[in-house]
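Participant: quick one, what's the 3D model for this:
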Amino acid sequence: MEAAATPDVIGETETNGCDGEDGGGIPIVSSSRWSSCASLGKASVSNVLGLSNPSSPTMASKCDQSPKSSKLSSGGGGPRYKLIVEGDIQLCRLNHTRTIVSKIMNSKYLRRWETHHLVLGQFAISSVTPQGFMETPIPYSGIEDVNVISRWDAGHHYCIRITLSDGSLLLQACNSYLRDEWLHSVQWKRHVFRYERLLKNTRRPEVLIKEIKNMVDLSLKTPIQDESIYQFPLDLVSSLLQENVDAIGQGAHEQIIVALAPLLENNHPTQEICDFFSKHCKNSPRSQIVIELFTPVVHRILKHNMDRGIQMGARGPDPARQGDFGKYPRMRTFIFEYLQALSSQNDGIQVVQSFVKSTHGSFSTCPHPRVLPNLVAVCLAAVHNYYENRRSFGFLRNDSSLDINEFDNRLLTCLAILTTISEFEDWRVPLAHLLQSIPFPDEALPHDVFLQKLKPTIRNIGDDKRCDVHLAVLGIREGKEGWFDLYCPGAIASDDDNQLYCVMLKRLIGCCCRRKKFLVNNFKMIGPWQLLALRENEAAMDVLCAVLEYEVCDNSDLKMQIITTLQSTSQGKAMYAALCERQIQLRELQQKGGPRKLTLPSKSTDADVAKMLSSGSFGNLECLSLAFTQVTSACAKDLIKLPSLRYLNLWSTQFGDAGLQELSEHLHKLQVLNLCETPVTDKGLCCLSSLKNLRKLNLNSTHLSALTFEGLKEKLPALQECDVRYTDAW
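Facilitator: Predicted coordinates for the structure are as follows:
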């Protein structure tokens, strides 16, 4: 195929596509320098971490050598292009460039165009159909120049010229954008080939650093937008570090880090670079590079690491199987070494805590949901590693005489991070669930330093007002010990004052654990409860009153002992008197008499139910309908006082799991239960298995799963009818 026209001269009025190139074809970039060293800036990073000392002049000079790029975009606001790897294009091969013959050969009567599917490979440009002009591949090493032909004929053909030693190769695109896309793609591939060959054969550190800076400059300046553009320098430097890491001195270390910093603003470091950074954190923890350059990198990893939740092992969360950290453990190691380097600053642990707070942000809710699981994953892995090393060093399991040296500071750093995390309300919920299974090695539990420093974290969780938080101090499943058991009197983590245990006990018994099942499961603690009550602990007194109220204890002598204990203090005496008053009212409520059936109006509330049941005797009440009322789980404490109740209708109410759990512990005579269109879930429905007399059950339009339904059918032998329409079990 021929072009419509041809210029008189080709090559004399061309504009070079790589202005400012040296003899080797690599652009000499004179970009503006960045003074912030990272997106946060030196001053803001120091302020965020609570460091008062400004960056040293030496560090500032090093940072000024790195190109500025807050978004890693190419210079200017021009168009962006995709990286072409292969594609169809027309081409023409011209020989004898820079001679008079070229004028003749380029005439429209002699020029011949071929269509090829070109592949921009690692070492050469080749065609899928190796024939004609592309019979042999064109190696990048043989390309002298690549540029745009700016002056052409009236046909407005869009061509680029690849200058070779024996001629030229013209590539013709259908528009200027596609032409420029091919131009920059070929240039990039050529530069990649050159840098791979150059850097892998360089042994002098100063030359290596210079070429790394040039390569980073090129990546930042190219208008091509592709992940490989920024990843290639990181991968190449990684392979160089893997081969020559011992030959690189400390000064070269810092210069390489400064050169790579702009690329790491929007890209994760490779595993080899993580090792390189970790080594720098260990060898020079007080270096300003740690503060100024690593902080944005660590921020980005924590915010964008694709952690898909902490994976569960046989004993709970497994720190070796956590999202991307499971695939890239050296990245996790780098983050901890960075945190450890922060702890070696003048303000020590306070700097680490300031960093954790900066990752959360100033809002009440952290906008980055991945930060918390990533931080916890780093801490759990570091704690496990600490005790593995502790075993290797031959430390005793509970040698409290050991000084808190640099080795132990690694443990203190982890625990300080967990404490800081627990201070944020929005982080406390997921943190409580992650720590509920006690995901720490066995050696940690009898270690005094570990238990003492972990106390603030457990206290913040155990004293939280939200049920889904403070319930996490209990075992993750029945029969499994939790933090509440570890810190109870006489347990492995208990101390003389038992303050933490009392805090957890007060919150649990005053909220969702004032239930017979909880008291029965923990009745082994009746002795310590009495001792704490004698010492005027309010939570212990409240527990003893609950033991009497729910008739947990059958032993009459023990009952008298509990009553005597309560009457030993003025506060206990008042609490026991209030209990006796409630018992009198309960007996009046349960006296024989009153209606057998009762239906409350549609707008009745929990307060209305309580007022109704306190107005007389309901010992004969067998059928109670609260359908379409506004009652919630809070009315369960009044419903459990009805000894003869056999039919309960809660259709279209807000009665939830907490109320259902309480009903299942007391209303064992219940035969018919209607929970249609209530917000109950599997968590509460599982408790229905204790109601062995249930004959009819309506779970229509609830959050019932098929697995829970199968379990209920097995555990409820009297069940004759169960409506599960519009559920997952339907």
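
Participant: wait, residue 117 sits on residue 127?
Facilitator: Yes. Using CB atoms under 8 Å, residue 117 is in contact with residue 127, at 6.4 Å. Quick note: C-beta positions are derived from backbone N, CA and C, even for glycine.

Participant: pLDDT on the longest helix belonging to the chain, on average?
Facilitator: Longest helix of the chain, by residue count under DSSP state H: helix 176-200. Averaged across helix 176-200, pLDDT comes to 92.

Participant: who are the packing partners of it?
Facilitator: If you count contacts as 3 or more CB pairs under 8 Å, 6 or more residues apart in numbering; DSSP states H and E, helix 176-200 packs onto strand 114-120, strand 143-148, strand 158-164, strand 167-173, helix 205-221, helix 227-244.

Participant: how about these in TSV, adding mean neighbour count, mean pLDDT and distance to residue 341?
Facilitator: Formatted as TSV, those follow (neighbours: other CB atoms under 10 Å; pLDDT from 0 to 100; distance: least, CB to CB, whole Å):
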stretch	mean neighbour count	mean pLDDT	distance to residue 341
strand 114-120	17	93	42
strand 143-148	19	91	45
strand 158-164	21	89	49
strand 167-173	20	88	51
helix 205-221	19	88	23
helix 227-244	17	84	19
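
Participant: could you count how many residues lie near residue 722?
Facilitator: Counted with other CB atoms under 10 Å, the burial measure for residue 722 works out to 18 neighbours.

Participant: that's a strand at it, yeah?
Facilitator: Yes. Checked against DSSP: H, G, I helix; E, B strand; the rest coil, residue 722 lies within a strand.

Participant: from what I see, it and residue 702 are in contact.
Facilitator: No. Residue 722 is beyond contact range of residue 702, at 11.4 Å (criterion: CB under 8 Å).

Participant: and for residue 432, the neighbour number?
Facilitator: Neighbour tally, residue 432, other CB under 10 Å: 24.

Participant: quick check: next helix or strand after the strand or helix carrying it?
Facilitator: Assigned by DSSP states H and E, residue 432 belongs to helix 425-435. With elements assigned by DSSP H and E, the helix or strand that comes after helix 425-435 is helix 448-462.

Participant: where is the longest strand in this structure?
Facilitator: strand 86-95 (DSSP state E).

Participant: go through that strand and flag the buried ones.
Facilitator: 89-94 (16 or more other CB atoms under 10 Å).

Participant: nearest to residue 606, out of these: which one, please.
Facilitator: Set against residue 606, the nearest of the buried residues of strand 86-95 by CB to CB is residue 89 (76.2 Å).

Participant: quick check: closest non-adjacent residue to residue 726.
Facilitator: Distances taken as CB to CB, 6 or more residues apart in numbering place residue 701 nearest to residue 726, at 4.5 Å, with adjacent residues excluded.

Participant: specify the local secondary structure of the one you found.
Facilitator: Secondary structure state of residue 701, per three-state DSSP, is coil.

Participant: contact partners for it?
Facilitator: By CB atoms under 8 Å, 6 or more residues apart in numbering, the residues touching residue 701 are 676-677, 725-727.

Participant: and for residue 286?
Facilitator: 341, 344-345.

Participant: cross those residues against helices and list the overlap.
Facilitator: Using DSSP H, the contacts of residue 286 in helices are residue 341.

Participant: scan the contacts of residue 286 and report the most crowded one.
Facilitator: Of the contacts of residue 286, with other CB under 10 Å as the count, residue 341 tops at 25 neighbours.

Participant: can you tell me how far it sits from residue 169?
Facilitator: Per CB to CB, to the nearest Å, residue 341 is found 52 Å from residue 169.

Participant: same question for residue 609.
Facilitator: On the measure of CB to CB, residue 609 and residue 169 end up 89 Å apart.

Participant: same check on residue 462?
Facilitator: For residue 462, the distance to residue 169 (CB to CB) stands at 74 Å.

Participant: surely residue 629 is in a helix?
Facilitator: No. Assigned with three-state DSSP, residue 629 falls outside any helix and is coil.

Participant: the nearest residue to it once chain neighbours are set aside is in what secondary structure piece?
Facilitator: Leaving aside its sequence neighbours, residue 629 sits nearest to residue 604 (CB to CB, 6+ apart; 4.3 Å). Secondary structure assignment for residue 604, by DSSP H and E: no helix or strand.

Participant: what about the strands in the stretch 301-450 of the chain?
Facilitator: 310-313, 316-322 (DSSP state E, counting those that start in this stretch).

Participant: what average pLDDT does the first one get?
Facilitator: The average of the pLDDT scores along strand 310-313 is 43.

Participant: distance between the ends of stretch 627-639?
Facilitator: Start-to-end span of stretch 627-639 (CA to CA, to the nearest Å) is 14 Å.

Participant: follow-up on the earlier one: now the longest helix of the chain: buried residues?
Facilitator: The neighbour-count check on helix 176-200 (16+ other CB under 10 Å) flags 178-196, 198-199 as buried.

Participant: likewise for stretch 355-369?
Facilitator: Result for stretch 355-369 [16+ other CB under 10 Å]: buried residues 355-360, 366.

Participant: also stretch 281-289?
Facilitator: 281, 285, 287-289.

Participant: in helices, which of those fall?
Facilitator: Using DSSP H, the buried residues of stretch 281-289 in helices are 281, 288-289.

Participant: and those, which is closest to residue 136?
Facilitator: For these, the nearest to residue 136 is residue 289 (48.4 Å; CB to CB).

Participant: isn't the closest one right next to residue 257, touching?
Facilitator: Yes. Counting by CB under 8 Å, residue 257 is a contact partner of residue 289 at 5.6 Å.

Participant: low-scoring pLDDT stretches of the stretch 251-400 of the chain, where are they?
Facilitator: Residue ranges of the stretch 251-400 of the chain with pLDDT under 70: 306-326, 393-400.

Participant: from residue 618, how far off is residue 645?
Facilitator: Distance, residue 645 to residue 618, by CB to CB: 9 Å.

Participant: of the two, who's got more company?
Facilitator: Shown here are residue 645 and residue 618; by other CB under 10 Å, residue 618 has more neighbours (26 against 21).

Participant: touching, the more buried one and residue 639? I think so.
Facilitator: No. Residue 618 is beyond contact range of residue 639, at 10.6 Å (criterion: CB under 8 Å).

Participant: what is the longest strand of the chain packed up against?
Facilitator: The contact analysis (3+ CB pairs under 8 Å, 6+ apart) places strand 86-95 against helix 100-105, strand 114-120, strand 167-173.

Participant: direction included, what does the helix or strand following the second one pair up with?
Facilitator: Right, the one you point to is strand 114-120. Toward the C-terminus, strand 114-120 is succeeded by strand 124-127 as the next helix or strand (DSSP H and E). Its sheet considered, strand 124-127 pairs with strand 114-120 (antiparallel), strand 138-139 (antiparallel) by DSSP bridges.

Participant: tell me what angle the helix holding residue 432 forms with helix 448-462.
Facilitator: Relative orientation of helix 425-435 and helix 448-462, computed by axes from the mean of the first three to the mean of the last three CA atoms, to 10 degrees: 120 degrees.

Participant: please look at residue 284 and residue 278 and confirm they touch.
Facilitator: No. Counting by CB under 8 Å, residue 284 stays clear of residue 278, with 11.6 Å between them.

Participant: gap between residue 231 and residue 646?
Facilitator: 70 Å.

Participant: hang on, I meant residue 471
Facilitator: On the measure of CB to CB, residue 471 and residue 646 end up 31 Å apart.

Participant: neighbour count winner among these two?
Facilitator: Taking other CB under 10 Å, residue 471 and residue 646 do not tie; residue 471 has more neighbours (21 against 18).
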